[in-house]
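Student: dropping a prediction and its sequence here:
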Amino acid sequence: MADIYKDDFIDECLGGQCDDAVANLVSAIDGNPGLFGCDIMSILYEGDVNGNYYRGWRDVIATKAAYLLTLISSGVNSEAAYRSMTSKNPLAWTSV
């Protein structure tokens, strides 16, 4: 049963899909427009009056930024697992 999940996971990351997804998320928070055409971290800091939160509201920044950083962290872990599984090298994660 576990092999089915492993194979499905490997199929999902095949061809750099997981790596590309992580790179796209990182490009949205690194201060450059990137794929999404904006820097999400600066948008979070500047606020959104229409969204009913304002510049510098730390609780909004902390929760939304933490969510993005958690997604990126999960993506890096997924890419590391993919590389380790496909190369059968337990140290393959060091090249992520």
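Tutor: Yep, it's here. Since this is a predicted model, take the numbers as computed values, not measurements.
Student: what sits against N32?
Tutor: Each residue near N32 by CB atoms under 8 Å, 6 or more residues apart in numbering is listed here: D39. Where C-beta positions appear, they are placed from N, C-alpha and C, glycine not excepted.
Student: now with 10 Å?
Tutor: Counting by CB atoms under 10 Å, 6 or more residues apart in numbering, N32 makes contact with V26, C38, D39.
Student: would you say it is within a strand?
Tutor: No. Assigned with DSSP: H, G, I helix; E, B strand; the rest coil, N32 falls outside any strand and is coil.
Student: now do the helices in the chain.
Tutor: Applying DSSP state H to the chain gives helices spanning 2-13, 17-27, 40-46, 58-87.
Student: so which of these is the most packed in?
Tutor: Highest mean neighbour count of the helices of the chain: helix 17-27, a mean of 17 (counted as mean count of other CB atoms under 10 Å).
Student: give me the distance from it to the chain's centre.
Tutor: Distance of helix 17-27 from its chain centroid, counting by CA atoms, centre = their mean, to the nearest Å, is 6 Å.
Student: and stretch 49-63, by the same measure?
Tutor: On the basis of CA atoms, centre = their mean, stretch 49-63 sits 21 Å off its chain's mean C-alpha point.
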